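Enquirer: need a structure here:
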Amino acid sequence: MRRSCPRACWPGLLCLLMIVSPAAARADESEVEVPSFSCGDKVLGIRLPARLSELRALGTIRSQKTVSRQHWDGYETAEQVIYFAGLGVQLVAFSNDAERYLLAAADVTGRAWSLGALRVGRPVPPPFAALGLGHQRDGIWLVAGETDSVHVELRDGRVRRFVYECYTG
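Expert: Residues are numbered from 1 along each chain as shown. Coordinates of the predicted model:
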């Protein structure tokens, strides 16, 4: 079970935000193992557009950065971080298919984002409450699958932030 950030999640990026979050520093993280959990899960996962152009059109991009590039036989991949207001997305983009991307991580802190069952500022939704997240008013929960996970930060019984970490291969 993966309990730390993937190789692609370097200091200064999304995982560092979760690690040094003041609430994260004060709270004990509780873990719930759900072996079948994945970022693409229809109930517990995050829902983002399938095409990179649609993802980029979700809102005004505040900043973006290419973290690294890898050269393969006939194409190149680029690890990128894109920041919208209240949403940071780390992904792998492909030079041979401009619309293809793999999600590495998503850090959601804004109330405006409706990307699945979790919503910032709202109570824990039933699918997550069924895992035990509804019993705690404050703290950080880790819902961990075999390769993917989501950290859910709660304050006063409401979702304050959530960070999906997704395996990209």
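
Enquirer: partner residues bridging the closest residue to residue 88 other than its chain neighbours?
Expert: Spatial nearest neighbour of residue 88, chain neighbours left out: residue 107 (4.2 Å); criterion: CB to CB, 6 or more residues apart in numbering. Where you see a C-beta, it was placed from the backbone N, CA and C, and this is true even at glycine. Beta-bridge pairing for residue 107 (DSSP bridges): residue 88, residue 163.

Enquirer: Neighbours of residue 107, how many?
Expert: Residues lying near residue 107 (other CB atoms under 10 Å) number 23.

Enquirer: my guess is it contacts residue 87, does it?
Expert: Yes: using CB atoms under 8 Å, residue 107 is in contact with residue 87, at 7.2 Å.

Enquirer: where does the chain dip in pLDDT?
Expert: 1-28 (pLDDT under 70).

Enquirer: Going along the chain, name the helices of it.
Expert: Listed in chain order, the helices of the chain (DSSP state H) span 14-20, 22-26, 52-56, 126-129.

Enquirer: contacting residues for the closest residue to residue 140 other than its chain neighbours?
Expert: Nearest non-adjacent residue to residue 140, counting by CB to CB, 6+ apart: residue 29, 4.5 Å away. When contacts are counted by CB atoms under 8 Å, 6 or more residues apart in numbering, residue 29 touches 139-142, 151.

Enquirer: what's the answer for residue 117, then?
Expert: Per CB under 8 Å, 6+ apart, neighbours of residue 117: 43-44, 125-128.

Enquirer: Now with 10 Å, please.
Expert: The neighbours of residue 117, taking CB atoms under 10 Å, 6 or more residues apart in numbering as the test, are 41-47, 124-129, 159, 162.

Enquirer: before we move on, what about residue 91?
Expert: 8, 48, 52, 55, 78-82, 100-106, 166, 168.

Enquirer: and if you look at residue 48?
Expert: Contacts for residue 48 (CB under 10 Å, 6+ apart) come out as 39-40, 54-55, 58, 87, 89, 91, 101, 103, 106, 115-116, 164.

Enquirer: Residue 139 and residue 87: what is the separation?
Expert: 22 Å (CB to CB, to the nearest Å).

Enquirer: And those two? Which one has more around it.
Expert: residue 87 (20 against 17).

Enquirer: surely that one meets residue 81?
Expert: No: the pair residue 87 / residue 81 is not scored as a contact, 11.2 Å apart, by CB atoms under 10 Å.
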